[in-house]
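A.B. asks: Everything below, folded, please.
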Amino acid sequence: MKRNRRVKILATLGPSSSNKDMIKKLWLAGADVFRINMSHSSHEVLNNLVNTIREVEQEVGRPIGILADLQGPKLRVGTFEGDQKVMLENGATFTLDADSTPGDVTRVYLPHPEILGSLEVGHRLLLDDGKISLRVTKASPASCETIVEVGGKLSNRKGVSCPDTEIPVGALTDKDRKDLVAALEAKVDWVALSFVQRPEDLVEVREVAQGRVGVLAKIEKPQAIDRLPEIIELSDAIMVARGDLGVEMPLEQVPGLQKRMIRACRKAGKPVVVATQMLESMITAPVPTRAEVSDVATAVFEGADAVMLSAESAAGQFPEEAVATMNKIAIEVEKDTHFRGIIHAQRNEPESTGSDAITCAAAQVAETLDVAAIVSYTASGSTALRASRERPSTPIIAFSPEAETVRRLTLGWGLHCVASMDAANEQDLVERACELAAREGFAQPGQRIVVSAGVPFGTPGSTNMLRIAFVGEEH
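C.D. replies: Reported below is the predicted structural model:
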């Protein structure tokens, strides 16, 4: 079964979508990769979901990607006297301190010494998803005094964001470390790292993962924007986490940042996922708003590798409809007469390496000769991702002897992923490619395909072979 679109759909699993029947329905509706949110999943739930997805994979006969999303540091205020809500008035003074006694309308405990030690006069503190805004007027390691700029009701353990402050704490908590080990043992394909602030945040995950899993950095902090090129370089993929970005930065800046991140990732040849509130109203309604349809369409027009559903598929009333709607929007956008022109206009010049030159040439040959498919043979996945970066109008078949590589590539734009036995030599590879293109429904006898690979086989990142082949009758 092949999809009728190039952009991929990432669907979050949760209470509405944790049984095998629903997971299969979501895949059939269009989900390519499933996200397991470790904020709400025990290790037992993680293992059960992975096993269930692998069962569905066997039944549908297609590779399915799995992403485990680590929770990251959750910064919250303490509790209030009698568990009451306090009303913070505009212009009032409010203190956050290291005293663990319950708070009141004048102060509250902040159980994060790393924040108190990093705040400076003039920095902002945003509470409860940005609904309340405070400005620091006095700061010390024991307490910080603020003035309330935007007031509201505040209750126990509401979240704290520090958009102006780089907090000297890594992106991995103790819970994340345990969850990462559990995810590796469960053999997921991707792990997502939350609240990345700096490139160093990725180093620990990489050391633990040892290449066994793709590392996706979620960009949801202003500090990460400042060091985006370095973070992209150390990541295998990026997520534009617009929800938290929109809390910590002016909302009107987020669409421009989304464009910037998609283009930077495409230039680097790394998959990029656009996430958060894409079809938010479908949590409770069977149809989306016009604005949501436009939002998904924009991400597809921009050439994002994947678009993601969060609560819509995890906890909503219409998970299957949400995936099907996203699928329909993507198919329609990619049929639009302007789509190819917009995608082509964002093309980057290939870097001056043999691999880039071969991949760029493969896309040009495919277009010039109007071939049926580009077939990328890839051990590590890099040949296929290079082909994907070109965003060709010709379908791309990524095939690999490694099941893990094939599953990881399900996140890449336009990649139809197939696990196949290892090729013995170049001629064997070309014959397998022709057979695959015919079997998977991309090529008819007499049509041509372009085959790209790295020779000798099994050398990561060495794309250096380009062949044009005819699909014969026997295929």
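
A.B. asks: Show me which residues of stretch 191-207 are buried.
C.D. replies: By neighbour count on 16 or more other C-beta atoms under 10 Å, the buried set for stretch 191-207 is 191-199, 201-202, 204-205. In short, each C-beta sits where N, CA and C put it, glycine included.

A.B. asks: JSON lines please, covering those and showing secondary structure, distance to Val406 and pLDDT.
C.D. replies: Converted to JSON lines, the buried residues of stretch 191-207 look like this (DSSP: H, G, I helix; E, B strand; the rest coil; distance: C-beta to C-beta, whole Å; pLDDT from 0 to 100):
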{"residue": "Val191", "secondary structure": "strand", "distance to Val406": "18", "pLDDT": "98"}
{"residue": "Ala192", "secondary structure": "strand", "distance to Val406": "20", "pLDDT": "98"}
{"residue": "Leu193", "secondary structure": "strand", "distance to Val406": "23", "pLDDT": "97"}
{"residue": "Ser194", "secondary structure": "coil", "distance to Val406": "27", "pLDDT": "94"}
{"residue": "Phe195", "secondary structure": "coil", "distance to Val406": "30", "pLDDT": "92"}
{"residue": "Val196", "secondary structure": "coil", "distance to Val406": "27", "pLDDT": "94"}
{"residue": "Gln197", "secondary structure": "coil", "distance to Val406": "33", "pLDDT": "92"}
{"residue": "Arg198", "secondary structure": "coil", "distance to Val406": "32", "pLDDT": "93"}
{"residue": "Pro199", "secondary structure": "coil", "distance to Val406": "29", "pLDDT": "94"}
{"residue": "Asp201", "secondary structure": "helix", "distance to Val406": "28", "pLDDT": "93"}
{"residue": "Leu202", "secondary structure": "helix", "distance to Val406": "24", "pLDDT": "95"}
{"residue": "Glu204", "secondary structure": "helix", "distance to Val406": "27", "pLDDT": "92"}
{"residue": "Val205", "secondary structure": "helix", "distance to Val406": "22", "pLDDT": "95"}
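
A.B. asks: Show me which of those residues is closest to Arg212.
C.D. replies: Val191 (9.7 Å; C-beta to C-beta).

A.B. asks: That closest one and Leu180 touch, don't they?
C.D. replies: Yes. Using C-beta atoms under 8 Å, Val191 makes contact with Leu180 at a distance of 6.2 Å.

A.B. asks: Overlap in contacts, these two.
C.D. replies: Shared contacts of Val191 and Leu180, defined by C-beta atoms under 8 Å, 6 or more residues apart in numbering, are found at 68, 70, 205, 209.

A.B. asks: Closest to Glu248 out of those residues?
C.D. replies: Nearest to Glu248 out of the shared contacts of Val191 and Leu180 is Leu70 (C-beta to C-beta; 18.9 Å).

A.B. asks: what residues are up against that closest one?
C.D. replies: If you count contacts by C-beta under 8 Å, 6+ apart, Leu70 has them with 38, 172, 176, 179-180, 183, 191-194.

A.B. asks: and if you look at Ala373?
C.D. replies: Taking C-beta under 8 Å, 6+ apart, one finds 394-397, 437, 442-443, 449-450 in contact with Ala373.

A.B. asks: Please state the backbone phi and psi of Trp413?
C.D. replies: Trp413 adopts backbone torsions of phi -60, psi 130, taken as degrees, to the nearest 10.

A.B. asks: How about it, nearest residue that isn't a chain neighbour?
C.D. replies: Asp305 (4.3 Å; C-beta to C-beta, 6 or more residues apart in numbering).

A.B. asks: Pull the number of nearby residues for the one you found.
C.D. replies: Counted by other C-beta atoms under 10 Å, the residues lying close to Asp305 total 28.

A.B. asks: That one contacts Ser388, correct?
C.D. replies: Yes. Here Asp305 reaches Ser388: they are 7.4 Å apart, a contact under C-beta under 8 Å.

A.B. asks: what residues are shared contacts of those two?
C.D. replies: Shared contacts of Asp305 and Ser388, defined by C-beta under 8 Å, 6+ apart, are found at 271, 412-413.

A.B. asks: Turn the residues you listed into TSV, columns for neighbour count and pLDDT.
C.D. replies: TSV is the format used below for these (neighbours: other C-beta atoms under 10 Å; pLDDT from 0 to 100):
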residue	neighbour count	pLDDT
Pro271	30	98
Gly412	26	98
Trp413	23	98
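
A.B. asks: What is the nearest of these to Thr463?
C.D. replies: Gly412 (14.7 Å).

A.B. asks: residues touching Gly159, list them.
C.D. replies: Shown in contact with Gly159 (C-beta under 8 Å, 6+ apart): 74-76, 127-129.

A.B. asks: Quick check on it: phi, psi?
C.D. replies: phi -70, psi 150.

A.B. asks: Let me know the pLDDT of it.
C.D. replies: Predicted confidence (pLDDT) for Gly159: 93.

A.B. asks: just to revisit the earlier point, among the buried residues of stretch 191-207, which one sits closest to Glu431?
C.D. replies: Val191 (36.8 Å).

A.B. asks: rewinding a little: which of the contacts of Gly159 are buried, as a ChimeraX select command?
C.D. replies: A single ChimeraX command selects the buried members of the contacts of Gly159 (16+ other C-beta under 10 Å):
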select :75,127,128
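
A.B. asks: Among the contacts of Gly159, name the ones in strands.
C.D. replies: The strands, defined by DSSP state E, take in Leu127 from the contacts of Gly159.

A.B. asks: nearest to Ser18, of the contacts of Gly159?
C.D. replies: Nearest member of the contacts of Gly159 to Ser18, counting by C-beta to C-beta, is Lys74, at 22.7 Å.

A.B. asks: Distance check, the closest one against Pro250.
C.D. replies: Distance, Lys74 to Pro250, using C-beta to C-beta, to the nearest Å: 24 Å.
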